[in-house]
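J.: Sequence plus predicted model, see below.
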Amino acid sequence: MRDRIEIAILVDNQAGEGLVSEHGLSLWIEAGSKRILFDTGQGSALSGNAKLIGVALEKTRILVLSHGHYDHTGGIPDVLGMAPDAEVYCHPGAVQPRYSIRDNAPRPIQIPQEALARLNRHPSRRVHWVSQPLTLSDKIGLTGPVPRETDFEDAGGPFYLDPDGERPDPIEDDQSLWISTPEGLIVCLGCCHAGLVNTLDHIVRITGESRIRAIIGGMHLLNADARRLEATVAALRSFSPNWVFPCHCTGEPAVQSLKTALGSRVVPARSGEKYEFYSASQ
């Protein structure tokens with residue numbers, strides 16, 4: 001008998017035929033008895049895309065929020081409406097006000113008001129504030145806050161905690177999810193504001209496993225300068241993942257750089273894609 005893990009992309013900037021694209025991300029994860037929704041996109045694409053690809057959101061048992069931006073949390077009301085008993089995992093900082101400022105124009109980018117209100121109404125015993133690495137099962141875990149150790153990675157944009165731009169937002173609530181398999185780790189990323197290399201280094205320390213079977217999600221390299229992109233690609237080459245499925249905020253130049261370095265192991269992703277991983281039972 002073989003263990004099976006399935007990861008489906010429900011929301012992404014790119015969409016498969018008949019699906020709705022949206023600037024955002026949501027992944028559906030089935031691993032053993034776990035049914036995990038990792039982020040929810042902005043909200044408008046989630047439910048319809050899920051139905052079209054055969055994902056029953058009402059079966060969500062765990063909702064993980066990678067960080068508190070609108071494009072990852074807007075679907076909270078729909079999800080918790082369909083799965084009112086779901087356990088929610090997020091960092092305490094995910095609920096704070098935050099802004100993107102370009103050309104001196106602040107734009108709110110925090111969890112939408114309706115989503116925050118629905119989260120506040122969720123039973124407090126089912127909301128888990130993640131401030132350190134945490135395991136969801138013997139094979140699945142959350143990074144919690146990721147230490148910022150590299151000198152070439154930053155939050156990836158003009159992010160602030162106030163509309164006047166006086167308090168930079170390092171997005172300390174950023175977290176990722178990992179799944180341990182006999183063939184190595186499967187890593188699910190939201191936006192990876194902590195930096196891809198910082199995140200992978202942190203997961204390797206937590207798990208003691210250095211083999212990377214697959215990386216799926218947003219890598220927030222769309223604003224990366226040449227130095228950061230070169231250093232990230234070099235580090236990823238040393239990790240030598242079997243598969244990389246970049247989506248959402250990775251950026252086309254970064255995807256091309258990754259493909260140049262890793263070849264056919266890099267497969268650009270979009271909503272509607274499903275990835276199945278099998279392992280021999282231990």
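T.: Yes, it's here.
J.: ok, and what's touching stretch 29-38?
T.: 3-7, 10, 26-28, 57, 59-64, 66, 79, 86, 136-137, 139-140, 177, 179, 188, 190 (C-beta atoms under 8 Å, 6 or more residues apart in numbering). Bear in mind the C-beta positions are built from the backbone N, C-alpha and C, glycine included.
J.: Which members of these are classed as buried?
T.: 5, 7, 10, 26-28, 57, 60, 62-64, 66, 79, 86, 136, 139-140, 177, 179, 188, 190 (16 or more other C-beta atoms under 10 Å).
J.: From those, which land in strands?
T.: The strands, defined by DSSP state E, take in 5, 7, 10, 26-28, 62-64, 140, 177, 179, 188 from the buried ones among the contacts of stretch 29-38.
J.: Between these, which sits nearest Arg270?
T.: Leu10 (10.9 Å; C-beta to C-beta).
J.: Let me know the distance separating that closest one from Arg35.
T.: From Leu10 across to Arg35, the span is 13 Å (C-beta to C-beta, to the nearest Å).
J.: what do the two both touch?
T.: Joint contacts of Leu10 and Arg35 (C-beta under 8 Å, 6+ apart) are Trp28.
J.: SS state for Val55?
T.: coil (DSSP: H, G, I helix; E, B strand; the rest coil).
J.: If we ignore the residues flanking it in sequence, what's nearest it?
T.: Spatial nearest neighbour of Val55, chain neighbours left out: Trp28 (4.9 Å); criterion: C-beta to C-beta, 6 or more residues apart in numbering.
J.: Now name the helix or strand holding Pro97.
T.: Using DSSP states H and E, Pro97 falls within no helix or strand.
J.: so it touches Ile111, yeah?
T.: No. Pro97 lies out of contact with Ile111 (C-beta atoms under 8 Å); the separation is 9.3 Å.
J.: ok, the two, which is more surrounded?
T.: Legend: neighbour count by other C-beta atoms under 10 Å for Pro97 and Ile111, higher for Ile111 (26 against 14).
J.: Who does Ala214 form a beta bridge with?
T.: Ile186, Trp243 (DSSP bridges).
J.: show me what contacts Ile53?
T.: Here Ile53 is in contact with 8, 10, 19, 272, 274 (C-beta under 8 Å, 6+ apart).
J.: Report the buried members of these.
T.: 8, 10, 19, 272.
J.: ok, and the closest non-adjacent residue to the second one?
T.: Take Leu10 and drop its neighbours on the chain: the residue closest to it by C-beta to C-beta, 6+ apart is Ser26, 4.2 Å away.
J.: contacting residues around that neighbour?
T.: So Ser26 contacts 9-11, 37-41, 46, 72, 75 (C-beta under 8 Å, 6+ apart).
J.: Please tabulate the residues you listed in CSV, including the columns pLDDT, distance to Val146 and secondary structure.
T.: Converted to CSV, those look like this (pLDDT from 0 to 100; distance: C-beta to C-beta, whole Å; DSSP: H, G, I helix; E, B strand; the rest coil):
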residue, pLDDT, distance to Val146, secondary structure
Ile9, 98, 22, strand
Leu10, 98, 24, strand
Val11, 98, 23, strand
Leu37, 98, 21, strand
Phe38, 98, 16, strand
Asp39, 98, 16, coil
Thr40, 98, 21, coil
Gly41, 98, 22, coil
Leu46, 98, 26, helix
His72, 98, 16, helix
Gly75, 98, 24, coil
